[in-house]
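Participant: predicted model and sequence follow; I will ask about them next.
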Amino acid sequence: MKKLMAIFMLAIFVFSALPIEAKQNEISGNSIKNINREAIQKYNAVKVRYQTTAQEWEKVNREFTGVRNRIKNYDNLNLSEQDRVLERTRNFLEKTMDRMDSHLDILESWVERINIPEERKEIILKIIEEKRLEIEGYRNKVSETNDLESLRYHSKEIKESWHGFLPKIKGIRGELLTTKIGNILEDSDNLALSLQEKIVALDQESSEVLEMQTLLDSYNEKLDLAREQYELAKEKYEEIEDLSDANDLFEETKEFVFKSREYLRESHKILIQLVRNYRDFTGEVPEQNTDNNELDRR
């Protein structure tokens, strides 16, 4: 569970550290108000709840350490002590399921925030909902159980169910991570085409225009490097099939995503200088020639 928490927090960091898309919209004349604020607000609220739930689980888990020893000696406890052990065990399982639900909540908020095909979004949301219903079923079993052996049996069921689900959830996470990069790459490619058209329309004998073309070539080179890492990330998350290799493949996916992100950051620095040069030379700020409706859905 601690490893899962670390993976989620690292994934949260990836998304929070990708300001490129908003900056490019700003440069291209699109207002940041076009970002789906409702989805972002929901994501932030879910992230706070997730962190709170994780902290509560950590506290209960520490407290449950002593209870585990008493479970081994359960038959020798008096009735009052047995009731206390049952209640602590039930509380631990309930907090564990709360944490599982919070994982699903944050994954769902990512799906709603990132621009993916509608049919794929529906499939992922269905997978999440089915797992949520399964957890709710276990929750009902735990609340209705009044003996330790049944609680231990349900605990094993819950653990096996979640571990069996981890490869799928990590594969979805990898898909969302790379999709975010893919969306930025698509917009960046459109911007490069638009800038190329504008530069071609200028005086090709001018040293300022030649410098702009050189900057645009450098911009495209960085995009090509980012795209290479993006494709490698896609290959890795698509290989995730079972728990034995899920952790390693997800770590590799993340590494390629980070590298792609760094190349995009470098391309963004070049883009800023290119736009400044264009503005100084023409007195205008180049606008991105893309479908604004698509950008508005971000």
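Facilitator: Looks like it arrived, so ask away.
Participant: for Arg84, pull up the helix or strand it's in.
Facilitator: helix 79-113 (DSSP states H and E).
Participant: what of Glu129?
Facilitator: Using DSSP H and E, Glu129 falls in helix 118-144.
Participant: just checking, what packs against that helix?
Facilitator: Counting contacts by 3 or more CB pairs under 8 Å, 6 or more residues apart in numbering; DSSP states H and E, helix 118-144 packs against helix 79-113, helix 148-200. For glycine as for every other residue, the C-beta is placed from the backbone atoms N, C-alpha and C.
Participant: can you list the buried residues in that helix?
Facilitator: Using 16 or more other CB atoms under 10 Å as the test for burial, helix 118-144 gives 124, 127-128, 131, 134-135, 138-139, 141-142.
Participant: ok now whichever strand or helix holds Asp217, how far from the chain's centre?
Facilitator: Per DSSP H and E: Asp217 is located in helix 207-238. With CA atoms, centre = their mean, to the nearest Å as the basis, helix 207-238 stands 23 Å off its chain's centre.
Participant: quick one: average pLDDT of it?
Facilitator: The average pLDDT within helix 207-238 is 93.
Participant: buried residues in stretch 177-186?
Facilitator: Buried, per 16+ other CB under 10 Å, within stretch 177-186: 177-185.
Participant: just the residues you listed now: which is nearest Lys234?
Facilitator: When those are compared for distance to Lys234 (CB to CB), Thr178 wins out at 5.1 Å.
Participant: what's the separation between the closest one and Val200?
Facilitator: 32 Å (CB to CB, to the nearest Å).
Participant: so what does the helix holding Arg84 touch, helix or strand wise?
Facilitator: Short answer (3+ CB pairs under 8 Å, 6+ apart): helix 79-113 packs on helix 2-16, helix 37-72, helix 118-144, helix 148-200.
Participant: compute the inter-axis angle for that helix and helix 37-72.
Facilitator: In terms of direction (axes from the mean of the first three to the mean of the last three CA atoms, to 10 degrees), helix 79-113 departs from helix 37-72 by 160 degrees.
Participant: and helix 79-113, what's buried?
Facilitator: 82, 85-86, 88-90, 92-93, 95-111, 113.
Participant: tell me which helix or strand of the chain sits lowest on mean pLDDT?
Facilitator: helix 292-296 (a mean of 33; mean pLDDT, DSSP states H and E).
Participant: what are the phi and psi angles of Ile240?
Facilitator: phi -70, psi 120 (degrees, to the nearest 10).
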